[in-house]
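Undergrad: model this:
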Amino acid sequence: MLKIKRVYDDISQQDGKRILVDGVWPRGIKKEDLEHDEWMKDIAPSTDLRKWFNHDAEKWDEFKKKYKKELKDHKEDLKLLKEDSDGHNVTLLYAAKDKEHNQAVVIKEYVENM
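TA: Numbers count the residues shown, from 1 in each chain. From the prediction side, this is the model:
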């Protein structure tokens, strides 16, 4: 089962495998302090798309369309995510403050619809 969670939220045993899906390292966290199993920065939105979106909820629908196009170039990574989450908990970690409008939401939806 895929879940999403902010990197700043408390860790839970129900998290399962914890995968960071941001393209840049989260602010205020040392690499050795973040409990995660993997950093899949390659599936994060491109720098141009991330900067264009800038967490503007009004751009959300367009961001999702553009980002899903980018995700098509990472089918192998997403296939592994799908396999890892079949019957097991996998938590996608992100740093954004907005819990409804971020790349982890799009990745989760994309993988669940594969």
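
Undergrad: what ranges do the helices span in the chain?
TA: 47-53, 60-71, 75-85, 103-112 (DSSP state H).

Undergrad: Quick one: mean pLDDT over the longest one.
TA: Across helix 60-71, the average pLDDT comes to 97.

Undergrad: So which elements touch that helix?
TA: Under the contact criterion of 3 or more Cβ pairs under 8 Å, 6 or more residues apart in numbering; DSSP states H and E, helix 60-71 touches helix 47-53, helix 103-112. Placement of C-beta: from N, CA and C, glycine included.

Undergrad: Ok, the first one next?
TA: Where contact means 3+ Cβ pairs under 8 Å, 6+ apart, helix 47-53 is packed against helix 60-71.

Undergrad: and the helices and strands packed on helix 60-71 as TSV, adding distance to Phe63?
TA: Listed next are the helices and strands packed on helix 60-71 as TSV, based on distance: least, Cβ to Cβ, whole Å:
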stretch	distance to Phe63
helix 47-53	4
helix 103-112	8
